[in-house]
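Chemist: Quick one, what's the 3D model for this:
(3 chains)
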Amino acid sequence: MGQYVLVHGAWHTGKELEAVAATIKAAGHGVFTPTIRGNRPEDPKTIGLDEAIQSIVDYLSDNILSDVILVGHSYGGMIITGVADRVPDRIRRLVYCNAFVPNNGECLSDMLPPHYVELFDSIAAQRGDGSVVLPFPIWREAFMNDADLDTAKRAYSVLNPHSIKTLKDRISLKANPGEMNMAKSYVNCTEDISLPHLYSWHPKLSQKLGLFRLIQVPGSHELCFSNPSRLALALMDAGRD
Amino acid sequence: MGQYVLVHGAWHTGKELEAVAATIKAAGHGVFTPTIRGNRPEDPKTIGLDEAIQSIVDYLSDNILSDVILVGHSYGGMIITGVADRVPDRIRRLVYCNAFVPNNGECLSDMLPPHYVELFDSIAAQRGDGSVVLPFPIWREAFMNDADLDTAKRAYSVLNPHSIKTLKDRISLKANPGEMNMAKSYVNCTEDISLPHLYSWHPKLSQKLGLFRLIQVPGSHELCFSNPSRLALALMDAGRD
Amino acid sequence: MGQYVLVHGAWHTGKELEAVAATIKAAGHGVFTPTIRGNRPEDPKTIGLDEAIQSIVDYLSDNILSDVILVGHSYGGMIITGVADRVPDRIRRLVYCNAFVPNNGECLSDMLPPHYVELFDSIAAQRGDGSVVLPFPIWREAFMNDADLDTAKRAYSVLNPHSIKTLKDRISLKANPGEMNMAKSYVNCTEDISLPHLYSWHPKLSQKLGLFRLIQVPGSHELCFSNPSRLALALMDAGRD
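Modeler: Numbers count the residues shown, from 1 in each chain, chains lettered A, B, ... in the order given. Predicted coordinates:
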């Protein structure tokens, strides 16, 4: 069976992926849900991308994990791309789940529409501690459009502020994802409108992977909350050989 | 519970949305299915867009409706946009269902491919009473592609001629839909090819809404005939808070 | 009931469509699964497009088939377009199933991304008998992304080399498909990434049909292997009047 390592997105921690992990575990796989450095509630919010990536590299090493199916959700795509660049020998397959796909020298903000960049800058300026949060109306309409209001509120209540530096730091890669000689999958939630069409997860970002396997599943950007077991099944279709 | 007002498309009347309304009613909501002025079989076919919009403004006022979830299908998108501009205080949320989204000064024909505009002009010229009808082969292949032939024929038989003036009149709005400070949803039927790809309902028209909630559902442009209860469920996912 | 003639894609023969045919037959229709000249394992791999098309024209004539629902999968779209041009009177409806749609003077390679053309040229140069094969990693990730590894391997094992000449010969048509006065459908498998987005089956190729009926079904390019009965149901929705 496989070894899944699930890397969460911005504002999340590994805890929010435990319901997804449970379904994967029940199918007989190993599953790990680390929290990226900078995303633990007590972490300083001035962490940069390099340190964030290194924290997952260290996690794989500390837990002696190899032959890993490395899954990244959203911001987690920045992380798994960096990890794959640093320790390719530990990885069996990369699985991007409505995740950012950076080329060398890109930052996450390069893949955002200008109105998000401006909004995040203005929120971070107000907060003043290096962190950014997501306004609830955007979360409810564009991130959790497949859920009822209670689920959207409950999920929102567990989010925590995210270091804006990780969105602006440019990633340093020896090879772009499209040239990485590694199995790659992209899971696309078909109702995900957290990015607008011109900046779409699929095909705009997915196509940067070169040869990849596409798995689609109905759901919003936050299917991990609205239907974790459905997401888990999609991740397993994406992660199998 | 919510108060739904369902505004039909061109060639339709409120009657064709009664099956949809029944499912929404069964879930405990209030539902209304007015017919736009100009679309009642006995109406003069020279009605313009302004009068058409006003007829639904009057309907809300006559029935003392407020806190309304205002749903527009197809041409109904012109109407609900105009109504929202005139009486925003009566509306809780706008729901566009594969509906036109006009900015100030646009007419419906601006959102049609040239071959439809030419076709409609030529049909209206032949009819000579100000109205346009849809040829059956287009209806069957591009509007009801998810239905069997009998259903397509039965539905076609209840259509009535539509005032071409309402497709050419430019809408007058104080604010474009993207700037309206109001909750907005877009329901996209995923097999709707009544508009070709370059003029797509979603994302081409939906993105004019700014922040909106996307709900997708399998079906053609005329899901109200081919599967009214499935459409009703999608409208309720779109209409809830 | 209808008369279905299913025309396979490159690397396939009619045999691989028998499971699809069984479901269509069980619904009461007539079904035929010819093998295109050039695709029988024993055929010379120097066959051109003209001869390939003619073999299906001859098949219809030899079996005295008329009022046919002519289905083409992938490369089969080249064939059914040519057949429709030569013997339109035998055909009730054309059904393209993630199939190429050529205009007069186009070859299949014109609809491929450059990296596929280069890959196929280099493989054909190595083989030296006029044929091209598909590397397994591409097959597994981009053609059978909806299947498990065993199914992908089993399906791969029955493929046979395909004449590269048929991909480069330009089709000669009296009218482009968009101008053919004939009922047309396009079946789109929604997870088909065998062609990348800029060269998409739908809407990039489908829109060349002019007025057509769209049917969508979840699945990869090789749904005939991964779920033949689901494909059969979609073909019947596409093929009915």
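Chemist: Any residues of chain A in contact with chain C? List them.
Modeler: Selection of chain A residues close to chain C by CB under 8 Å from any CB of the partner chain yields A:183, A:203, A:207, A:211, A:212, A:213, A:214, A:215, A:216, A:237, A:240, A:241. The way it works is simple: take the backbone N, C-alpha and C, and place the C-beta from them, glycine included.
Chemist: Can you pick out the most distant pair from those?
Modeler: Largest separation among those by CB to CB: A:203 and A:241, giving 23.9 Å.
Chemist: what about those two, which has more around it?
Modeler: residue A:203 (16 against 12; other CB atoms under 10 Å in any protein chain shown).
Chemist: residues near the nearest residue to that one once chain neighbours are set aside, how many?
Modeler: Spatial nearest neighbour of residue A:203, chain neighbours left out: residue C:197 (3.7 Å); criterion: CB to CB, 6 or more residues apart in numbering or on different chains. By other CB under 10 Å, 14 other residues sit near residue C:197.
Chemist: Before we move on, what's the pLDDT of residue C:197?
Modeler: Note on residue C:197: pLDDT of 92.
Chemist: Which residue is the nearest non-sequential neighbour of residue A:226?
Modeler: For residue A:226, the spatially nearest residue (CB to CB, 6+ apart) is residue A:147, at 4.2 Å.
Chemist: Surely the one you found is in contact with residue A:228?
Modeler: No. Contact criterion CB atoms under 8 Å: residue A:147 and residue A:228 do not qualify, at 11.7 Å.
Chemist: what sits against residue A:75?
Modeler: A:8, A:9, A:10, A:99, A:100, A:108, A:162, A:166, A:167 (CB atoms under 8 Å, 6 or more residues apart in numbering or on different chains).
Chemist: For it, give its distance to chain C.
Modeler: 23 Å (CB to the nearest CB, to the nearest Å).
Chemist: what residues does stretch A:154-168 touch?
Modeler: Taking CB under 8 Å, 6+ apart as the rule, stretch A:154-168 contacts A:10-13, A:15-16, A:38-39, A:41, A:43-49, A:52, A:75, A:78, A:107-109, A:112, A:120-121, A:124, A:127, A:129-134, A:136, A:139-140, A:144, A:147, A:222, A:225.
Chemist: run the last query once more with 6 Å
Modeler: A:10-11, A:38, A:41, A:45, A:47-49, A:52, A:107-109, A:124, A:130-133, A:136, A:139, A:225 (CB atoms under 6 Å, 6 or more residues apart in numbering or on different chains).
Chemist: Looking at chain A, which residue is nearest chain B?
Modeler: residue A:197 (3.7 Å; CB to the nearest CB).
Chemist: surely that residue meets residue B:202?
Modeler: No. In this structure, residue A:197 is not within contact of residue B:202 by CB atoms under 6 Å, at 8.3 Å.
Chemist: So the residue nearest to residue A:206 when sequence neighbours are not counted: helix, strand or coil?
Modeler: Nearest non-adjacent residue to residue A:206, counting by CB to CB, 6+ apart: residue A:186, 4.1 Å away. Taking DSSP: H, G, I helix; E, B strand; the rest coil as the rule, one finds residue A:186 in the strand state.
Chemist: Tell me how far residue A:186 lies from residue A:104.
Modeler: Computed as CB to CB, to the nearest Å, the residue A:186 to residue A:104 distance reads 19 Å.
Chemist: okay, these two: which has more neighbours?
Modeler: Ranked by neighbour count (other CB under 10 Å), residue A:186 and residue A:104 place residue A:186 first, with 28 against 15.
Chemist: could you say what helices and strands the helix or strand hosting residue A:85 packs with?
Modeler: According to DSSP states H and E, residue A:85 maps onto helix A:76-86. In terms of contacts (3 or more CB pairs under 6 Å, 6 or more residues apart in numbering or on different chains; DSSP states H and E), helix A:76-86 is packed against strand A:3-7, helix A:49-62, strand A:68-73, strand A:91-97.
Chemist: so can I have a markdown table of the ones you listed showing mean neighbour count?
Modeler: Shown next, in a markdown table, are these (neighbours: other CB atoms under 10 Å in any protein chain shown):
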| stretch | mean neighbour count |
| --- | --- |
| strand A:3-7 | 26 |
| helix A:49-62 | 18 |
| strand A:68-73 | 28 |
| strand A:91-97 | 26 |
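Chemist: Kindly report the residues of chain A close to chain B.
Modeler: A:141, A:145, A:149, A:191, A:193, A:197 (CB under 6 Å from any CB of the partner chain).
Chemist: For those residues, name the two members farthest from one another.
Modeler: A:149 and A:197 (25.5 Å).
Chemist: quick one on the thing from earlier: take the contacts of residue A:75 and keep only those in helices.
Modeler: If you go by DSSP state H, the contacts of residue A:75 have A:166, A:167 in helices.
Chemist: For whatever residue of chain A ends up closest to chain C, give its distance to residue A:4.
Modeler: Per CB to the nearest CB, residue A:203 is where chain A lies closest to chain C, at 3.7 Å. Per CB to CB, residue A:203 is found 25 Å from residue A:4.
Chemist: Tell me the pLDDT of the nearest residue to residue A:178 once chain neighbours are set aside.
Modeler: Nearest residue to residue A:178 in three dimensions, chain neighbours excluded: residue A:210, at 3.6 Å (CB to CB, 6+ apart). Looking at residue A:210, its pLDDT is 97.
Chemist: correct me, but residue A:210 touches residue A:177?
Modeler: No. The criterion here is CB under 6 Å, and residue A:210 misses it with residue A:177 at 7.3 Å.
Chemist: Among these two, which residue is more densely surrounded?
Modeler: residue A:177 (24 against 14).
Chemist: Please report the distance of that one from residue A:77.
Modeler: 9 Å.
Chemist: residues near residue A:28, how many?
Modeler: Neighbours of residue A:28 using other CB under 10 Å come to 8.
Chemist: re earlier: now the buried members of the contacts of stretch A:154-168.
Modeler: For those, a burial check counting by 16 or more other CB atoms under 10 Å in any protein chain shown picks out A:10-11, A:38, A:45, A:47-49, A:52, A:107-109, A:124, A:130-133, A:139, A:225.
Chemist: circling back to that earlier point, quick one: the residue nearest to residue A:206 and residue A:95 touch, right?
Modeler: No. Using CB under 6 Å, residue A:186 is not in contact with residue A:95; the gap is 7.8 Å.
Chemist: can I have stretch A:5-20 written out in CSV, keeping just the CAs?
Modeler: Only the C-alpha atoms of stretch A:5-20 are listed here, as CSV (Å, rounded to 0.1, in the frame of the first residue of the first chain):
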residue,chain,number,x,y,z
VAL,A,5,1.7,12.7,3.1
LEU,A,6,-1.0,15.4,2.9
VAL,A,7,0.2,19.0,2.9
HIS,A,8,-2.4,21.6,3.8
GLY,A,9,-3.1,25.0,2.3
ALA,A,10,-2.8,28.6,3.6
TRP,A,11,-4.8,29.3,6.8
HIS,A,12,-5.0,25.5,7.5
THR,A,13,-3.0,23.1,9.6
GLY,A,14,-2.6,19.3,9.2
LYS,A,15,-5.4,18.9,11.7
GLU,A,16,-8.0,20.0,9.1
LEU,A,17,-6.9,17.1,6.8
GLU,A,18,-7.5,14.4,9.4
ALA,A,19,-11.0,13.5,8.2
VAL,A,20,-9.5,13.0,4.7
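Chemist: now that stretch, how far from the chain's geometric center?
Modeler: Centre-to-centre, stretch A:5-20 and its host chain are 8 Å apart (CA atoms, centre = their mean, to the nearest Å).
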